[in-house]
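Student: predicted model follows, preceded by the sequence.
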Amino acid sequence: MSMNFSEFKRLLGAEPRSDDPEFRRACHSSPEFEREARDALRFEEKLEHALAVPEPSGLIEDLLTISEQSPSGSGNRRLLQYALAASLFVAVGAAGIVWKMNPSWDSVEEYLVDHYRHDGVSLMTRTQSDTAEDVQAVLSELSIQASPQLADIVGVIKYCPTPDGKGVHMILNTDTGPVTVFYMPDTEVIDGETLAFDDVEAVLVELQSGSAAIIGPDATTFSSLQALIYDSLLPLPGNS
């Protein structure tokens, strides 16, 4: 029994390099399947390139110097040295990832299609239910907050790349079904511009801080969501 296109896209979004025989056969079963597979691999390669952050020059040597210093005080001081060294490594690595999260899409439209095809479908199937506290914690890293009305309908939230740096990928649980939202803190868009691809439609929203894209199967339901997102994604006090 051949794999249908919806199931193929779900598996492709979860693991485009899967060695499953049925999946590999489906990748070459038709021009449409082949095109989807190529696009997914291209996006995967862009992400891998964006996250390939080399360790800063001299950092490892500096950490080794710290570890080789003889104790000059209590054991707690030595533990503190290790903790500071580890924290430095994590902080520098995380900063590098944020700064390099730019696979150089030629347009916002290309980014939306690539990103949604990569993990938009698979993320919609997650049963994870993030809390309002989770939502605020993630957004606060980007100096933004959500109104309770919006935070309460976010089922899944995670960081993601955008054309201009780190952003947020959300799944909203609406009355008409799940809807995808990409929040792009530093990306300019044409407010109200629409785009249709595959079996979904997207609308761009200019916000008080950054922009967003709403993606779902029926753009006629987006008008209320546009207003909600505009009114609900706001800069943290002191960051406007």
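Tutor: Okay, I see it.
Student: can you spell out the domain ranges of this structure, please?
Tutor: According to automatic domain parsing, the chain comprises the domains 5-50, 59-100, 108-235.
Student: could you pull out the helices for the chain?
Tutor: In the chain, the helices defined using DSSP state H lie at 5-14, 21-27, 31-50, 59-68, 75-100, 108-115, 121-124, 132-140, 148-151, 222-232.
Student: point out where this protein drops to low pLDDT.
Tutor: 1, 10, 13-14, 44-104, 127-128, 240 (pLDDT under 70).
Student: can we see that at 50?
Tutor: Low-confidence segments of the chain (pLDDT under 50): 51, 53, 55, 66, 70, 82, 87-102.
Student: residues in contact with the residue lying closest to Ser147 once chain neighbours are set aside?
Tutor: Nearest residue to Ser147 in three dimensions, chain neighbours excluded: Ser232, at 3.8 Å (CB to CB, 6 or more residues apart in numbering). In short, each C-beta sits where N, CA and C put it, glycine included. Counting by CB atoms under 8 Å, 6 or more residues apart in numbering, Ser232 makes contact with Ala146, Ser147, Gln149, Leu150.
Student: swap in Gly177?
Tutor: Counting by CB under 8 Å, 6+ apart, Gly177 makes contact with Gly216, Pro217.
Student: distance of it from Pro148?
Tutor: Between Gly177 and Pro148 the computed distance is 22 Å (CB to CB, to the nearest Å).
Student: can you check Thr125 too?
Tutor: Applying CB to CB, the value for Thr125 to Pro148 is 26 Å.
Student: tell me the bridge partners for the most centrally placed residue in the chain.
Tutor: The residue lying closest to the centre of the chain (CA atoms, centre = their mean) is Cys160, at 1.7 Å. As for beta bridges, Cys160 partners with Gly167 under DSSP bridges.
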